[in-house]
Each structure stands twice: as C-alpha cells, then as structure tokens.
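Engineer: Below are the sequence and a predicted model for it; my questions follow.
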Amino acid sequence: MFEQLKEMICEFVEVDEAKITMDAKLIEDLGFNSYDLMCLIGEIEEHWDIEVDEKDVIHLHTVQEVLDYMSHQVA
C-alpha cells in the first residue's frame with residue numbers, strides 16, 4: 001500500500017521519492033497544496049474503492065496518517 005501511495009504522490013507533486021517517508025508532511029515536506037491534496041484523495045478513493053469523509057481530510061497531515069486512514073477504511 002505504501003509503494004502504491006508513493007507512486008500516486010509522485011503523480012501530483014514533483015518530489016524525489018526518497019523524500020516520501022512515513023513522517024513526511026504532505027504540505028510542508030512534499031509540496032502539496034489543497035488542490036493537489038484533494039486530487040490525491042480522489043485518486044485514493046477510486047483506487048482502493050473507499051470514501052474519505054471531507055471532515056477527515058483536515059486530519060491527514062503525514063504519509064503515515066494517510067496510510068493509517070486508508071488501512072482503517074479498507075479493513
């Protein structure tokens with residue numbers, strides 16, 4: 001799941017894959033803006049057939065938080 005998420009992140013922002021770690025912050029470290037983040041969420045929803053509640057998006061700051069959320073939704 002992490003490797004697939006890394007690939008998706010690289011589709012939305014130009015970042016060295018080595019910078020995509022569990023602790024990496026989407027906005028501060030990886031260069032996401034709010035539009036990029038919403039596009040990534042849409043891609044995640046489509047790829048893993050889950051629905052991300054809009055109120056939950058504001059709590060997704062790091063790659064780890066996104067993975068944890070996805071794992072919880074997929075399970």
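Structural biologist: That came through, no problem. Because the structure is a prediction, the values reported are computed rather than measured.

Engineer: lowest confidence element among the helices and strands of this protein?
Structural biologist: helix 54-57 (a mean of 92; mean pLDDT, DSSP states H and E).

Engineer: Please work out the average pLDDT along whichever helix or strand comes after it.
Structural biologist: With elements assigned by DSSP states H and E, the helix or strand that comes after helix 54-57 is helix 63-74. Helix 63-74 comes out with an average pLDDT of 94.

Engineer: Show me what counts as buried in helix 63-74.
Structural biologist: Residues V63, V66, Y69, M70, Q73 are the ones in helix 63-74 that count as buried (16 or more other C-beta atoms under 10 Å). Just so you know, the C-beta spots here come from the backbone N, C-alpha and C atoms, and that holds for glycine as well.

Engineer: Repeat that for stretch 44-60.
Structural biologist: Applying 16+ other C-beta under 10 Å to stretch 44-60 flags I44, W48, V52, L60 as buried.

Engineer: Which of those fall in strands?
Structural biologist: Judged by DSSP state E, the subset of these located in strands is empty.

Engineer: of all those residues, which comes closest to N33?
Structural biologist: Nearest to N33 among the buried residues of stretch 44-60: L60, at 14.3 Å, using C-beta to C-beta.
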